[in-house]
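J.: Predicted structure and sequence below. I'll ask about it afterward.
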Amino acid sequence: MDIRSLRYFIETARLSSFTQAAEQLHVTQSTISKMVLQLEKELGTPLFVRDGRRLGLTDTGRVVYLRGQEMLATMRTLSAEVRDIQALHKGSLTVGIPPMINLLFTPVLKAFRERYPEITLILHEDPGPVVERLVAAGELEIGMTMLPAAPDLAIETLPVASYPIWALAAEGTFQRQRRTLRLAALKDLPLVMLTDDFALTRSLRRAFAQAGFEPNVAAQSGQWDWLVEMASAGIGVALLPEPFIHRLADETLHAVRIIEPGLPWQVGHVWNGRYLSHAARAWLDVCGEVLG
């Protein structure tokens, strides 16, 4: 069966008009008629019922129309997959990454660029919940977020790394030799936290509620480095994942790990589950290799 004839037939059936189908496909009406007639001869039966200006489908026409749409969709998927294979040598990939975790992926970006220099990697920065919604809507193919992702979104998740949450404060806030702090001890301390747009803050608020207390939030910011500055100035205790603590803690700051319960900060990939390009799969492979 000629795919072009099938495509012309489906467009004519969809619009119920040879003229409109010809305009839509940018060909002449006679070309449409010729190709549809060729398809009817091949099948040995009429596909349209022509009643003056009215154009309807025969029983066979309805079957060909439905199955033909599936065949064309399969052909489009095939073409997309072929392009994706080629995209490992030339193409682009947009990855949604929250500002909170972008520094963790610098080694991944370096490794990906070295392995696939012809793929243009575009980083779309938004908080994790926004990235999740964009992925679910199909506006982003793949992204990063803090797990667990929103349960009401139709997305797939893949854990990448998990880190404990630490409390960071000015010297003198905690006992000098202390290395850990029970979650309940935060009840009596002023806190500086990321804004509620961040999944980390929502996760912390759930943990506080489960522990039976309302946090004393002294200030909130969308910039983690400013939280550290506020903690250093003695405004409050900053709660940040381990990688940021190791990067930022100095002699003016005291870091202790939250325990009983420990608070994990789990980073993961999210995608919509409908289709994952070869470039995106390559990205996942590189992340697995670099981050372990």
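T.: Good, I have the coordinates. Residues are numbered from 1 along each chain as shown.

J.: Quick one: residues contacting G222.
T.: By CB atoms under 8 Å, 6 or more residues apart in numbering, the residues touching G222 are 99, 194-195, 197-198. C-betas here are computed from N, CA, C, even on glycine.

J.: now for these, which pair is the farthest apart?
T.: The span of these, defined through CB to CB, is set by P99 and T195 at 11.5 Å.

J.: neighbour-wise, which of those two wins?
T.: Using other CB atoms under 10 Å, the more surrounded residue of P99 and T195 is P99, with 15 against 11.

J.: wait, is that one part of a helix?
T.: No - according to DSSP: H, G, I helix; E, B strand; the rest coil, P99 belongs to no helix; its state is coil.

J.: my read: it touches G128, true?
T.: No - if you go by CB atoms under 8 Å, P99 and G128 don't touch, sitting 9.8 Å apart.

J.: Could you report the neighbour count for E40?
T.: E40, neighbours per other CB under 10 Å, totals 19.

J.: How about the contacts made by it?
T.: Residues in contact with E40 (CB under 8 Å, 6+ apart) are 46-47.

J.: Give the bridge partners for the closest residue to P241 other than its chain neighbours, please.
T.: In space, and not counting its chain neighbours, P241 is closest to W265: 3.9 Å by CB to CB, 6 or more residues apart in numbering. As for beta bridges, W265 partners with Y163 under DSSP bridges.

J.: For the remainder of this discussion, apply numbering that starts at 492.
T.: Taking 492 as the first residue, the last one we looked at is W756.

J.: number of nearby residues for W756?
T.: Number of residues near W756 (other CB under 10 Å) recorded here: 24.

J.: Local confidence estimate at it?
T.: W756 is assigned a pLDDT of 88 by the prediction.

J.: So it sits against F735, correct?
T.: No - assessed by CB under 8 Å, W756 is found out of contact with F735, at 9.5 Å.

J.: would you say R541 is within a helix?
T.: No - the assignment for R541, made by three-state DSSP, is strand rather than a helix.

J.: Name whatever forms a beta bridge with it.
T.: Assessed by DSSP bridges, R541 has beta-bridge partners L546.

J.: At which residues are the helices of the stretch 492-641 of the chain located?
T.: Per DSSP state H, counting those that start in this stretch, the stretch 492-641 of the chain carries helices over the ranges 494-506, 509-516, 520-534, 550-578, 597-606, 619-627.

J.: Next, format those as JSON lines and append mean pLDDT and distance to G713.
T.: Converted to JSON lines, the helices of the stretch 492-641 of the chain look like this (pLDDT from 0 to 100; distance: least, CB to CB, whole Å):
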{"stretch": "helix 494-506", "mean pLDDT": "91", "distance to G713": "48"}
{"stretch": "helix 509-516", "mean pLDDT": "91", "distance to G713": "47"}
{"stretch": "helix 520-534", "mean pLDDT": "92", "distance to G713": "56"}
{"stretch": "helix 550-578", "mean pLDDT": "85", "distance to G713": "34"}
{"stretch": "helix 597-606", "mean pLDDT": "92", "distance to G713": "20"}
{"stretch": "helix 619-627", "mean pLDDT": "91", "distance to G713": "12"}
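
J.: Any idea how many residues pack against the residue nearest to L685 when sequence neighbours are not counted?
T.: Using CB to CB, 6+ apart and skipping residues adjacent in sequence, the residue nearest L685 is T692, 4.8 Å away. T692 has 19 neighbouring residues, counting by other CB under 10 Å.

J.: does T692 count as helix, strand or coil?
T.: Classification of T692 by three-state DSSP places it in helix.
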